[in-house]
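# the sequence isn't on hand, but the structure is:
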């Protein structure tokens, strides 16, 4: 019986620690970024089994940040912005995102929207994937080579 109690306590501690870690990562990679971005989808890479996360390439229509590359500074990040193009590392396969759609992101609020034919069809929340394998995949597939 004491072993079960210890196991439960350790499980609760692990869940609490993981929640705190993810909250801190989202604060650094999203809230502190404070990005307001609108762009037209040029390409969707559905990823390779990363819980729906992929790579969405946008031609920027409007952005309060013109250049952003956190590689080498952050372990986990939401996007790279360069030369009027944004690569967003977000849910691609589960969001029904297609070439030609307009996407709107507000990282401070952690929200996104999909606009098709001038009509907002879906609102969603955004987060940052914390799988190291996903960032190795991004390194292989990004158009922004280091």
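Okay, I see it. Computed from a predicted model, the values in this text were never measured in an experiment.
# in contact with the nearest residue to residue 131 once chain neighbours are set aside, which residues?
Of all residues not flanking residue 131 in the chain, residue 50 sits nearest, at 5.9 Å (Cβ to Cβ, 6 or more residues apart in numbering). Every residue, glycine included, has its C-beta placed from N, CA and C. Taking Cβ atoms under 8 Å, 6 or more residues apart in numbering, we find residue 50 in contact with 129, 131, 133-134, 137.
# one more: residue 38?
Shown in contact with residue 38 (Cβ under 8 Å, 6+ apart): 60-63, 102-105.
# what residues sit buried inside whichever strand or helix holds it?
Using DSSP states H and E, residue 38 maps to strand 36-45. Buried residues in strand 36-45, defined by neighbour count with 16 or more other Cβ atoms under 10 Å: 37-39, 41, 44-45.
# ok, which pair from those is furthest apart?
38 and 45 (20.3 Å; Cβ to Cβ).
# break down the protein into its strands, ranges please.
36-45, 55-63, 79-82, 85-88, 102-106, 111-116, 119-125 (DSSP state E).
# how about those strands, which one is nearest residue 26?
strand 119-125 (10.2 Å).
# list the contacts of the residue nearest the centre of the chain.
Central residue of the chain (Cα atoms, centre = their mean): residue 90, 3.5 Å from the mean position. Residue 90 sits next to 53-54, 56, 78, 112, 126 when contact means Cβ under 8 Å, 6+ apart.
# ok, now with 10 Å
52-56, 78-79, 97, 103, 105, 112, 124, 126-129 (Cβ atoms under 10 Å, 6 or more residues apart in numbering).
# about what we covered before: export the strands of the chain as a markdown table, with columns for distance to residue 69.
Shown next, in a markdown table, are the strands of the chain (distance: least, Cβ to Cβ, whole Å):
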| stretch | distance to residue 69 |
| --- | --- |
| strand 36-45 | 15 |
| strand 55-63 | 14 |
| strand 79-82 | 5 |
| strand 85-88 | 10 |
| strand 102-106 | 17 |
| strand 111-116 | 21 |
| strand 119-125 | 24 |
